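Peer 1: Got a predicted structure plus its sequence, pasted below:
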Amino acid sequence: MSKEKILMIGAGRMAQAIINGLKQADFSEILVGNNTNSERLEEVEARFGVRTTNQWQNHVSDQDIIILAVPPEAHEEVLTSLSEVIDGQLVLTVAAGIDVKYLEAHLPEQTPVSWLMPNTAASKAESMTLFTLGHYVTDEHEYYIEKILFSIGQFKKLTEQQVHQITPITGSGPAFVYRFADVLIKEVQKAGVTEVVAKQLVAQMVKGASEMLTSDLKCPQDLMDEVATPGGVTEKGLQVLDEHGFDQMIQEAIRQCVDFASGNE
Ligand code: NAD
């Protein structure tokens, strides 16, 4: 049975990143629906050559997979409309905090659902996406979920609880890396280098370090030791990070993200 017909609800940044991946992966039947912003639909139609509609409810019965890429706060309304017309289709969401428990509670009984947590690198097919499956997802559904996720990068199936706990690292994490990069770029500029060149230097440094982490079997501590000669310049810098509680600061940021997302703040 083919599960290749996809309705994407939402036409914003994350929707466009995923549509880009789906096109590369040869998903040819993509319909994009957005009730709130027709300019976005025109943009998506022109950029990707996909069909669009501002009446997505009329097309649900023709689809195999429905992906929600709307803000978390729009889910209640969208799922209520979807419930009126859905008939066993696989429903995926990429919304922060909208887990399978929420989806299953807001859709007709036995609807197969999955919660996907990509990051913005999906637009470069470099996302690290976490996902968790609902109770009614079959092996065939999972095959299509993984095919979609492969089109936007790498992916890992985890429990719902793990996705909640790790999302601040894989989902928000890119912003922390950009923050770190931003500080370094400004420091480079102090040496009289233009912003463009400073960004190039820092971006390649981060990319190189990422490549070492990805391809080398060594753990981060060993890689640090390779850079930091005892008594040398790098060791001095790492000591200053320790003195200012660098590790604790990162841990606290992650902890507060988790608490905030679960409404404990
Ligand atoms: P965005 O603002 O760029 O796009 C949101 C889209 O939803 C727009 O096209 C808007 O018109 C549409 N929309 C809003 N309300 C709607 C409604 N009631 N019915 C139909 N369409 C509606 O936002 P984004 O960054 O693409 O985020 C979309 C989802 O992706 C969010 O749930 C967010 O949590 C999730 N997400 C975003 C990121 C990220 O880094 N941007 C990462 C992971 C997950």
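Peer 2: Structure received. Residues are numbered from 1 along each chain as shown.

Peer 1: check contacts around the residue of the stretch 151-265 of the chain at minimum distance from the ligand.
Peer 2: With C-beta to the nearest ligand atom as the measure, Gly171 is the residue of the stretch 151-265 of the chain nearest to the ligand, at 5.2 Å. Where you see a C-beta, it was placed from the backbone N, CA and C, and this is true even at glycine. Gly171 sits next to Ala96, Met117, Pro118, Asn119, Leu130 when contact means C-beta atoms under 8 Å, 6 or more residues apart in numbering.

Peer 1: swap the cut-off to 6 Å and go again
Peer 2: Shown in contact with Gly171 (C-beta atoms under 6 Å, 6 or more residues apart in numbering): Met117, Asn119.

Peer 1: So what does it look like in phi/psi?
Peer 2: The phi and psi values for Gly171, taken as degrees, to the nearest 10, are phi -90, psi -50.

Peer 1: For the protein, list the residues in contact with the ligand, please.
Peer 2: Counting by C-beta under 6 Å from any ligand atom, the residues of the chain close to the ligand are 9-15, 34-37, 40, 69-72, 74, 77-78, 94-96, 118-120, 171.

Peer 1: Chain neighbours aside, what residue packs nearest to Thr138?
Peer 2: Nearest-residue entry for Thr138: Pro112, 6.9 Å, with adjacent residues in sequence omitted and distances by C-beta to C-beta, 6 or more residues apart in numbering.

Peer 1: Tell me, how many residues neighbour that neighbour?
Peer 2: By other C-beta atoms under 10 Å, 24 other residues sit near Pro112.

Peer 1: Can you tell me how far it is from Glu146?
Peer 2: 14 Å (C-beta to C-beta, to the nearest Å).

Peer 1: Mean confidence (pLDDT) on stretch 55-63, please.
Peer 2: Stretch 55-63 shows a mean pLDDT of 95.

Peer 1: Among the residues of the chain next to the ligand, name the buried ones.
Peer 2: The neighbour-count test (16 or more other C-beta atoms under 10 Å) marks 9-11, 14-15, 34-35, 40, 69-70, 74, 78, 94-96, 118-119, 171 as buried among those.
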